[in-house]
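J.: build me a model:
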Amino acid sequence: MHRYPLRARFVEWRLLSAAGVALLLCNAASALAQNYPQRPVRMIVPNLAGSATDMVARMVAQRLTDAWGYQIVVDNRAGASGMIGHELTARAAPDGYTLLMSTSAGLIITPMLTRAPYDSMRDFAPVSLVVISPQMLVSHPGIPATNVNELVALARAKPGQLNCASPGTGTSNHLGCEMLKVMGKVDFLHVPYKGTSLAVTDVVGGQVQFMFNSMPAVWPLAKTGKLRALAHAGVKRSPAAPEVPTVAESIPGFQCITWYALMAPRGVPPAIVTKVNGETVKMLAEPTFAKRLADQGQEPQATTPAELSAYMRAESERWAGVIKAAGLALAK
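T.: This next block holds a predicted model:
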């Protein structure tokens, strides 16, 4: 009688055991995703309340609250060019109960210019891109410039005398100022603030002449005459403000956009990432929700986690080129 070799039987047993373990893990992951969440979820926003990022975060948080039946609590942790909120997220327990509504500035630009206490590619789990948000170039209504060409001419006539505000050094808004300097061949002063609201307030008050900012925070003020919309910094005119020309119509190739993405701490179970991603994709595809964003000048843009990771790397290369052209020092 031929006896089944002991070694072969052992190998078969190991294979069957491995398959069993894999099946158990798969079932456990599925159950974990189905049961998530079981309590309120914190969504950290590394910007002040009332900022464009905060507005989008609150819309998303409310939509997730309605879908899951558990409160998504927005936690504004502004400061240090967004690094406080990002570091807090990176150090949070990777259990799915801390999410981050991040920005291109916090994930890409700031770490290039400053020694950030986190590594964007290593310390976070990408969930989905949420919106693309082209910047709008706005000015105090009292300055004698009604478009980009007139602003550039004014800056050339008064070198170093005009001021461009931003919510902080290392933000997309700041890089917009620097791009305008380089591509417009002009000189003016960058004035960093601690947050969007303070910067916008001083442009409205005339203490600073102009700034780049996401549309939700400045377009309503421009429509009431408190600010003047000089141009839109996207690749094409915004459907929310079709009468406002792009900067590129005066300075070919100019593009200044920011984007917001939903992230989680590294190590969050993939099943939870998949569930949050799926709900995000679903909400951004809803016509009513998408229109609310579009009416503010935001462009809804969902991705898979892998697509967001690839997009972050591409954006890192693009902004590195801008920083180099502007003569800014890269962090070591």
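
J.: Val138 sits in which helix or strand?
T.: strand 124-139 (DSSP states H and E).

J.: buried sites along the next helix or strand after that strand?
T.: Next along the chain after strand 124-139, taking DSSP H and E as the criterion, comes helix 148-157. Across helix 148-157, burial judged by 16 or more other Cβ atoms under 10 Å covers Val148, Leu151, Val152, Leu154, Ala155. Where C-beta positions appear, they are placed from N, C-alpha and C, glycine not excepted.

J.: cool, stretch 39-49 as well?
T.: Quick answer for stretch 39-49 (16+ other Cβ under 10 Å): Val41, Arg42, Met43, Ile44, Val45, Pro46, Asn47, Leu48.

J.: pipe these into CSV and attach secondary structure, pLDDT and distance to Leu107 per row.
T.: Formatted as CSV, the buried residues of stretch 39-49 follow (DSSP: H, G, I helix; E, B strand; the rest coil; pLDDT from 0 to 100; distance: Cβ to Cβ, whole Å):
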residue, secondary structure, pLDDT, distance to Leu107
Val41, strand, 98, 20
Arg42, strand, 98, 19
Met43, strand, 98, 16
Ile44, strand, 98, 13
Val45, strand, 97, 14
Pro46, coil, 93, 10
Asn47, coil, 88, 13
Leu48, coil, 85, 18
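
J.: so which of these is the closest to Leu227?
T.: Nearest to Leu227, judged by Cβ to Cβ, of these is Leu48 at 18.5 Å.

J.: contacting residues around that closest one?
T.: Neighbour list for Leu48: Asp54, Asn76, Ala78, Gly195, Thr196, Ser197 [criterion: Cβ atoms under 8 Å, 6 or more residues apart in numbering].

J.: just Ala241 next, same as before
T.: Per Cβ under 8 Å, 6+ apart, neighbours of Ala241: Met136, Met215, Trp219, Ala229, His232, Gly297.

J.: and the furthest pair within those?
T.: Ala229 and Gly297, at 10.4 Å, using Cβ to Cβ across these.

J.: where exactly do the helices run in the stretch 151-300 of the chain?
T.: 172-184, 196-205, 215-223, 270-285, 287-295 (DSSP state H, counting those that start in this stretch).

J.: highest average neighbour count across these?
T.: helix 172-184 (a mean of 23; mean count of other Cβ atoms under 10 Å).

J.: check the gap between the residue nearest to Leu154 when sequence neighbours are not counted and Ala92 for me.
T.: In space, and not counting its chain neighbours, Leu154 is closest to Ala145: 5.0 Å by Cβ to Cβ, 6 or more residues apart in numbering. Noted for Ala145: a distance of 45 Å to Ala92, by Cβ to Cβ, to the nearest Å.

J.: Ile257 too?
T.: Taking Cβ to Cβ, one finds Ile257 at 28 Å from Ala92.

J.: kindly report the same for Thr171.
T.: 23 Å.

J.: looking at those two, which one has more neighbours?
T.: Thr171 (30 against 17; other Cβ atoms under 10 Å).

J.: if we can go back for a sec, the buried residues of helix 148-157 into a markdown table, with extra columns for distance to Arg63?
T.: Below are the buried residues of helix 148-157 laid out as a markdown table (distance: Cβ to Cβ, whole Å):
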| residue | distance to Arg63 |
| --- | --- |
| Val148 | 36 |
| Leu151 | 38 |
| Val152 | 41 |
| Leu154 | 43 |
| Ala155 | 42 |
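
J.: could these be laid out in TSV, adding pLDDT?
T.: Converted to TSV, the buried residues of helix 148-157 look like this (pLDDT from 0 to 100):
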residue	pLDDT
Val148	97
Leu151	97
Val152	97
Leu154	97
Ala155	97
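
J.: closest one of those residues to Phe289?
T.: Nearest member of these to Phe289, counting by Cβ to Cβ, is Val148, at 32.7 Å.

J.: got a list of what Met183 touches?
T.: Per Cβ under 8 Å, 6+ apart, neighbours of Met183: Ile251, Gly253, Phe254.

J.: which ones among those map onto strands?
T.: Using DSSP state E, no member of the contacts of Met183 falls in strands.

J.: mark which of those are buried, thanks.
T.: Ile251, Phe254.

J.: between the contacts of Met183, which sits nearest Asp202?
T.: Phe254 (24.1 Å).

J.: and the closest residue to that closest one other than its chain neighbours, how many residues sit next to it?
T.: Once flanking residues are discounted, Phe254 sits nearest to Val247: 4.3 Å by Cβ to Cβ, 6+ apart. Val247: 29 surrounding residues under other Cβ under 10 Å.

J.: over to Val322?
T.: 20.
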